[in-house]
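Participant: the sequence isn't on hand, but the structure is:
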């Protein structure tokens, strides 16, 4: 067999894409997004790590794509697809940035290797949430202009279970 030698700084990165259809309104926005409208959202999850599985059915994988899909499916069906994001995400301004943070927090405990979420509203407009994993960034996020502990957001505030 082939033997691979990886330095400790080597990083594997996986990307998993998915989509959903939803509507929202940005209350108080000074443009056309203040009116109810919808998007065909596209989302990219980035998973990263240094170590591949050494044995068993997942041998030589960082993470099985199907495991990612399984976690995403439930979230999309329950909270995002064909939803009014203002209601399902518990905010009056579900911007692409807010949705990216919300998805990250929702999935972080379910997909521990998750490092970034990109939300694309249109072919030319996207937002990425990539917290600095070496700092306190994972403990707080600003929601509706207020600093919120991510544990609170993940446990009911904004319906992010």
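Facilitator: It's in. Computed from a predicted model, the values in this text were never measured in an experiment.
Participant: could I get the contacting residues of the residue lying closest to residue 81 once chain neighbours are set aside?
Facilitator: Counting by C-beta to C-beta, 6 or more residues apart in numbering, residue 81 lies nearest to residue 20, which is 4.1 Å off, once chain neighbours are set aside. C-beta coordinates here come from the backbone N, C-alpha and C atoms, glycine included. Residue 20 makes contacts with 41, 43, 76, 80-82, as judged by C-beta atoms under 8 Å, 6 or more residues apart in numbering.
Participant: try residue 75
Facilitator: Per C-beta under 8 Å, 6+ apart, neighbours of residue 75: 103, 106-107.
Participant: buried sites along the strand or helix carrying it?
Facilitator: Element membership for residue 75 (DSSP states H and E) is helix 65-75. Neighbour counts over helix 65-75 (16 or more other C-beta atoms under 10 Å) mark 68, 71-72, 75 as buried.
Participant: cool, stretch 108-118 as well?
Facilitator: 108, 111, 113-118.
Participant: tell me the confidence at residue 133?
Facilitator: pLDDT recorded at residue 133 is 72.
Participant: helix, strand, or coil at it?
Facilitator: coil (DSSP: H, G, I helix; E, B strand; the rest coil).
Participant: report the contact partners of it.
Facilitator: Neighbours of residue 133 in contact, by C-beta under 8 Å, 6+ apart: residue 115.
Participant: that one and residue 95, how far apart?
Facilitator: 23 Å (C-beta to C-beta, to the nearest Å).
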